[in-house]
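# Predicted model and sequence below, questions to follow.
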Amino acid sequence: MRGLSGTYWAIWTGLLINRLGGFAIIFLAIYLKDIRGLSTAATGLVIGLHGAGGALGVLAGGVLADRWGRRRTMLLAHSTAAVLMMAVGLSTTSVAIGVTATLLGVATQLGGPASVAAITDVVPEPQRLPAFNLLYWAFFGGAAVAALLVGVLADVSYLLLFGLDAAATLVAVLIILVKVPETLVRHPTEKSRGLGRALTDRPYLVFVGLTFLMSMLFAQSTTMLPLAMKGDGLSTGQYGLVMALSAGMVVAGQLFVPRLIGKARKARVLALALLLVACGYGLTAVVGSLAGYAITVVIWTVGQMLAAPPNAAIIAELSPERLRGQYQGVFNLSFAASAFAAPALGGLSLQTLGDWHWVICLGLGLATAAGHLLTGPARERRVAELRELVDA
């Protein structure tokens, strides 16, 4: 893609390599239960601790990115994650596994706000939509390839998976060391309100709330959907097929999304995306065959593909230049929170309400789409105010 800086491409390459080697988290639940002998409850607790660590990591990473620097924060995050990855693989007691998994969650999420802030620093606003779209493609495409390789490599050695994951993370460290300069522009005379500013910014917080609702819907694909398919008599392999269909759509089509949405207002694109996601999951209530589930997956995958670029671009626009890391950290917290809430509330809902759970998802998606249409003008006014401050 023309016009994007070398710094952007270095961060993009590091992310892609890191995701290509992201084996450990994919098979963590199976590893804990089958290899380390943890109970189902203990396995769930360890994964929950990993998620809790991630929630702490995004907040700490945002603060460090703005106060310590983007480059230093990314280097700290990746190098620490590589060490902790091996520590999880070598831990044998449940306590040691729980502690190392929690710390790994902190480390893996610590560099996220810094990476996005650095990209926002070096990519001019007109190019951010395609830049973030390409970043999403790398993230999803790398994860899809890693998922395909896990089954083969796990048969050789589980420790090998941890080692390859750590090695890929260290490659990302080397790329940052050699190719990524510090992008933070320091203003030593200005005092930062930090997270306090982000937590009192109403248009920003409304957008974060809508993103939380959106991510609650997105999480259905890995939490409630496999249970629904199993309840209809379909196999785990058939669930894998429909998820492979989703991944294939993203890899094949995500790069064309910026052309489709063009210069459309971001709030309208997000509303359309949420409408598709809502309809896709809502239709799950009335399907029962593999073909029926495949149709629903196609619908909500298109919605996810449309939502990713404007969602990332909006948060970049709403973040004041000198607080980008901290704003990004609070924003990423919405995904960490949904990782807890979606399976907990979804499991209760699906168990007690059955297919009406998917009707609730339909309503939630429609409400979120309406929320973007209603709050879009306020966001646009806030973005205009921030541009005026920069120009002044």
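All right, it came through fine. Numbering: from 1, shown residues only.

# What is the burial count for residue 292?
When neighbours are counted by other C-beta atoms under 10 Å, residue 292 registers 14. Heads up, the C-betas are built off the backbone N, CA and C, glycines and all.

# ok, it to residue 276 distance?
As for residue 292, its distance to residue 276 is 17 Å (criterion: C-beta to C-beta, to the nearest Å).

# Next: residue 227.
Distance of residue 227 to residue 276, computed by C-beta to C-beta: 22 Å.

# These two - which one has more neighbours?
Set side by side, residue 227 and residue 276 show more neighbours around residue 276, with 21 against 17, by other C-beta under 10 Å.

# Isn't residue 294 up against residue 245?
Yes: between residue 294 and residue 245 there is a contact under C-beta atoms under 8 Å: 6.0 Å.

# Which SSE is immediately downstream of the host helix or strand of residue 252?
Using DSSP states H and E, residue 252 maps to helix 236-253. Counting by DSSP H and E, the next helix or strand C-terminal to helix 236-253 is helix 257-261.

# Run through who's touching that following helix.
By C-beta atoms under 8 Å, 6 or more residues apart in numbering, the list of residues contacting helix 257-261 from outside reads 129-130, 133, 269, 305-306, 308-310.

# hmm, try it at 7 Å
Counting contacts by C-beta atoms under 7 Å, 6 or more residues apart in numbering, the residues outside helix 257-261 that touch it are 129-130, 133, 269, 305-306, 309.

# Now find how far off-centre that helix is within its chain.
Computed by C-alpha atoms, centre = their mean, to the nearest Å, the chain-centroid distance of helix 257-261 equals 21 Å.

# how about that helix as CSV, C-alpha atoms only?
Once non-C-alpha atoms are left out, helix 257-261 reads as follows in CSV (Å, rounded to 0.1, in the frame of the first residue of the first chain):
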residue,chain,number,x,y,z
VAL,A,257,-13.1,-3.4,2.4
PRO,A,258,-11.7,0.2,2.3
ARG,A,259,-12.8,0.4,-1.4
LEU,A,260,-16.3,-0.7,-0.5
ILE,A,261,-16.9,1.8,2.3
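
# mind listing what's buried in stretch 351-370?
By neighbour count on 16 or more other C-beta atoms under 10 Å, the buried set for stretch 351-370 is 357-362, 364-366, 368-369.

# now, which of these sits nearest residue 231?
The nearest member of those to residue 231, counting by C-beta to C-beta, is residue 357 at 10.9 Å.

# Quick one: distance of stretch 252-268 to the chain centre.
Centre to centre, stretch against its chain (C-alpha atoms, centre = their mean), the figure for stretch 252-268 is 19 Å.

# now swap in stretch 74-83 and tell me
18 Å.

# can you list contacts of it?
With C-beta under 7 Å, 6+ apart as the test, stretch 74-83 has contacts from 61, 104, 107-108, 110-111, 114-115, 166, 169-170, 172-173, 176-177.

# again, 6 Å this time
Residues outside stretch 74-83 that contact it (C-beta atoms under 6 Å, 6 or more residues apart in numbering): 107-108, 110-111, 114, 166, 169-170, 172-173, 176.

# which residues of the stretch 101-250 of the chain fall in helices?
Per DSSP state H, counting those that start in this stretch, the stretch 101-250 of the chain carries helices over the ranges 112-122, 125-154, 158-179, 195-198, 202-218, 225-231, 236-253.

# May I see those organised as JSON lines, with mean pLDDT added?
Listed next are the helices of the stretch 101-250 of the chain as JSON lines, based on pLDDT from 0 to 100:
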{"stretch": "helix 112-122", "mean pLDDT": "90"}
{"stretch": "helix 125-154", "mean pLDDT": "80"}
{"stretch": "helix 158-179", "mean pLDDT": "92"}
{"stretch": "helix 195-198", "mean pLDDT": "73"}
{"stretch": "helix 202-218", "mean pLDDT": "94"}
{"stretch": "helix 225-231", "mean pLDDT": "86"}
{"stretch": "helix 236-253", "mean pLDDT": "83"}
